[in-house]
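Novice: pasting a predicted model and its sequence here:
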Amino acid sequence: MLAVLSHVNAPKLQKPQRTQGGGGGEASSNLAETNYIPFSDGTIHYLGQHIAVVVADTLEHAVRGAALVRVTYDPKPAKTSLDEHRASAKEKGTQQSPASFAKGDADAAFASAPLKVDQIYRTPYEHHNPMEAHGLIASWEGDYLTLYDSSQNIFSVRRTISQMFGVPPENIHVLSQYIGGAFGSKGSVWPHVVIGVMAAREVKRPVKLMVTRKQLFFTNGHRPATEQRVALGANADGKLVSIIHEGFGQSNNVCTFVEAFTASTKVIYDSPNMRGVHRGVDLDLPSGTYMRAPGDSTGMFALDSAMDELAYTAKIDPLQLRLINHADRDPLTGKEWSSKSLKECYAQAAERFGWSRRTPEPRSMRDGRDLIGCGMASANRPSHRAPASARALMRSDGTVLIRSGSHDMGMGTLTVMTQLAAETLDVPIERVRMELGDTNLPQTPIAAGSMTAASVGSAVFGAATELRKKIAALDGVDPATLDPATYTAVLRRHYLNEIEVQFNAKPPEEDPYSSHAFGAHFVEVAVDADIPVVRVRRVVSAFAGGRILNAKTARSQGLGGIVWGIGMALLEQTHLDTKLGSFTNVNFGEYLVPVNPDIRQLEVILVEENDPHVNPIGVKGIGEVSMVGVAGAIANAVFHATGKRVRELPITVEKLL
Ligand code: MOS
């Protein structure tokens, strides 16, 4: 055994500060946003908190050592139930979504509306569970640290570790080149990173630390459970006069994260009166965090379920109801959209799906023993962008190297950035290579919030454009005339082995436009008439996210989002034992996600948009929009099939019996 570290003997660390402005796209539940420093005192905030680390020369020795550690506890009562502690809910916001918004007088308009829906919807705890668990290798040489971390936010890791350990950021080299899934769980600097770095410093040897699958259910974030009220008031013709969306989700006193489920409500449907608020109930449970389409996927399940209920109340086709309430401008800010093709998404997906063949009455469609139902929902996701930098280098043999911090977690960053650089420079794609995932490369934001293509893409596009200009300027020629042969000729003529530029891309301070990706889902379910197992037979979805850089990777993002939405609707939930304050189904056997037989026919339609306003490359981001709305569309299809409205996810057999 090399060391046993806990609050008893751990070195004192500094609390990291959140950088003000310019940091762009930083995740919450970063240690900079918490009241908690690992091993700083003997307080245990939640079950699963790391309280000690054993370092040994082999995994077996470390595991044996950990088994020998004796811990004595001084128990105190814990708050673990969202339901029991609802009265303590406090307004909580995030950087992107403040706690509340309001326009007009939503309560008065609701009270006098001819048509009303007022319901409570619930979503469960969920965990990301990337196949590649969180883990790191930390190696100090004196005051210099090399840190291999499975992270989607390396620059934040570098800054946080720098501040906590009191070493300059330039001494810290963080690498995260290939990531086996993240989904938001790797956007924060979690305690195990600090513990691993601390351990390596103490034992003066490189340390490898892996978080086990079971630990992942407690220490690296989750989607908090929510309870949401949606109240919709409408005129007899279906036009909304009021939208109210309020409720709460689990939070804790360790970090600031809250599930911001009203974000989509501000933009998706037009109404003269609207208000929303999300609150957090601080429980003695692990910290929640961003998880695939955070806020929007949970919030839109509630809102689009309520819209479906309104459609039946008003006896208006659900698609028609969405069209009646289409927002021609951003409904809250009044801004013009930078571009919007939601109507085209509705039309193309409805046509392809055959929506017009649906008979409106619930339980009116059958196929043998199966009750058939068709449901639909809308999707939206804001088009964020953060400052990002990239370098483009051309060698005299005509090959190109693009370098930018960034990350590829499987969404195709390497592919689309290489492609974008090749197109911008007019060179064959085989000659372009990209390096990323390294803090020695130009700085980029967290890879999250569906903003990597837009942010890093703007930087890569800028760098490639400037490189082209710089090479053209050598010979005083028009950049447009350059091609693979002339590039090489120019560089050789000027005795240059290589030439490089860096480009720092920044979004404007003030944006006169509102930018969002939109989409629509149409779902067909079959529900066995006796044992009501829900099967999703078909999903047709259309998405509009500005310019599509690569139809294959974009389609894959679409499919991935739909599959995730199917899991959210029918399978995913982490059970909480409120007596123990512990999640219980903390393994892949009991935490259910869709497998191949759960996924039937999925179709993704990409509606290409020409958006001259959103950013220099016209890309809005399509990573997460595809997941938003799927659960609502499925719940609506289940109602159409069975006549039973399930307002609590997931929609399991027992809820339909
Ligand atoms: Mo994500 S939750 O934007 O990685």
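Specialist: Perfect, thanks for sending it. Residues are numbered from 1 along each chain as shown.
Novice: ok, Asp237 - how many residues close by?
Specialist: Close neighbours of Asp237, defined as other CB atoms under 10 Å, add up to 10. C-betas here are computed from N, CA, C, even on glycine.
Novice: kindly apply the preceding question to Asp328 instead.
Specialist: Applying the criterion other CB under 10 Å, we find 10 residues in the vicinity of Asp328.
Novice: with Leu13 instead?
Specialist: Leu13 has 19 nearby residues by other CB under 10 Å.
Novice: can you tell me the closest non-neighbouring residue to Gly135?
Specialist: Leaving out its chain neighbours, the residue that sits closest to Gly135 by CB to CB, 6 or more residues apart in numbering is Met210, at 4.0 Å.
Novice: try Val586
Specialist: Among residues not flanking Val586 along the chain, Phe217 sits closest, at 3.9 Å (CB to CB, 6+ apart).
Novice: that neighbour: what's it in contact with?
Specialist: Contacts of Phe217 were listed using CB atoms under 8 Å, 6 or more residues apart in numbering, and they are 48, 127, 574, 583, 586, 591.
Novice: now those residues: which count as buried?
Specialist: Of the members of the contacts of Phe217, the ones counted as buried by neighbours, 16 or more other CB atoms under 10 Å, are 48, 127, 574, 583, 586, 591.
Novice: low pLDDT regions in this structure?
Specialist: Filtered on pLDDT under 70, the chain yields the residue ranges 19-29.
Novice: tell me the spacing between Glu60 and the ligand.
Specialist: Glu60 sits at a distance of 34 Å from the ligand (criterion: CB to the nearest ligand atom, to the nearest Å).
Novice: quick check, that residue in a helix?
Specialist: Yes: going by DSSP: H, G, I helix; E, B strand; the rest coil, the assignment for Glu60 places it inside a helix.
Novice: now do it against Val211, distance only.
Specialist: Distance from Glu60 to Val211, counting by CB to CB, to the nearest Å: 18 Å.
Novice: again, but for Ala78
Specialist: 23 Å.
Novice: the two: who's more crowded?
Specialist: Looking at Ala78 and Val211 with other CB under 10 Å, you find the greater number of neighbours at Val211, namely 20 against 17.
Novice: does the more buried one touch Thr219 like I think?
Specialist: Yes: with contact defined as CB atoms under 8 Å, Val211 counts as touching Thr219 (6.5 Å).
Novice: what is in contact with the two at once?
Specialist: With CB under 8 Å, 6+ apart applied, the overlap between the contact sets of Val211 and Thr219 consists of His192.
Novice: related to what we said a few turns ago, and the residue nearest to Gly135, what is it in contact with?
Specialist: Taking CB under 8 Å, 6+ apart as the definition of contact, the neighbours of Met210 are 133-135.
Novice: just say helix, strand or coil for the residue nearest to Val586.
Specialist: The three-state label for Phe217, taken from three-state DSSP, comes out as helix.
Novice: and the residue of the chain that's closest to the ligand?
Specialist: Here the residue of the chain nearest the ligand is Gly184; by CB to the nearest ligand atom that distance is 2.5 Å.
Novice: can you pull up the bridge partners for the closest residue to Ala453 other than its chain neighbours?
Specialist: Distances taken as CB to CB, 6+ apart put Val619 closest to Ala453, at 4.9 Å, once the chain neighbours are dropped. Note on Val619: beta-bridge partners by DSSP bridges are Gly546.
Novice: my guess is Val619 contacts Ser455. True?
Specialist: No: between Val619 and Ser455 there is no contact under CB under 8 Å: 9.3 Å.
Novice: the residue of the chain closest to the ligand: helix or strand, and which one exactly?
Specialist: Here Gly184 is covered by no helix or strand, with elements defined by DSSP states H and E.
Novice: does it touch Ser297 like I think?
Specialist: No: using CB under 8 Å, Gly184 and Ser297 do not qualify as a contacting pair, with a distance of 11.1 Å.
Novice: quick one: which of these two has more around it?
Specialist: Ser297 (30 against 23).
Novice: do I have it right that that one meets Val628?
Specialist: Yes: using CB under 8 Å as the test, Ser297 is close enough to Val628 to be in contact (5.2 Å).
Novice: need the overlap of contacts for those two.
Specialist: When contacts are counted by CB under 8 Å, 6+ apart, Ser297 and Val628 have Gly565 as shared neighbours.
Novice: next, the residue nearest to Gly135: phi, psi?
Specialist: Backbone torsions of Met210, given as degrees, to the nearest 10, read phi -110, psi 140.
Novice: swap in Lys655?
Specialist: Recorded main-chain torsions at Lys655 are phi -80, psi -10, according to degrees, to the nearest 10.
Novice: neighbours of the nearest residue to it once chain neighbours are set aside, how many?
Specialist: Take Lys655 and drop its neighbours on the chain: the residue closest to it by CB to CB, 6+ apart is Val646, 4.9 Å away. Residues near Val646, counting by other CB under 10 Å, number 19.
Novice: residues touching Val646, list them.
Specialist: Taking CB under 8 Å, 6+ apart, we find Val646 in contact with 635, 638-639, 655-656.
Novice: got a list of what Arg201 touches?
Specialist: Residues in contact with Arg201 (CB under 8 Å, 6+ apart) are 11, 138, 140, 165.
Novice: if any of those residues are buried, put those into a ChimeraX selection.
Specialist: When burial is assessed using 16+ other CB under 10 Å, the buried subset of the contacts of Arg201 is captured in ChimeraX by this command:
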select :138,140,165
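Novice: where strands are concerned, which of the contacts of Arg201 count?
Specialist: 138, 140 (DSSP state E).
Novice: mind putting the contacts of Arg201 into TSV with distance to Phe301?
Specialist: Conversion of the contacts of Arg201 to TSV gives the following (distance: CB to CB, whole Å):
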residue	distance to Phe301
Pro11	45
Ala138	40
Trp140	46
Phe165	42
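Novice: you'd agree Leu467 is up against Ile499?
Specialist: Yes: counting by CB under 8 Å, Leu467 touches Ile499, with 7.0 Å between them.
Novice: who touches both of these two?
Specialist: 393-394.
Novice: who has more neighbours, the two?
Specialist: Here Leu467 and Ile499 are compared on neighbour count by other CB under 10 Å; more neighbours surround Leu467, at 26 against 18.
Novice: list the contacts of that one.
Specialist: Applying CB under 8 Å, 6+ apart to Leu467 gives the contacts 392-394, 425, 499-501.
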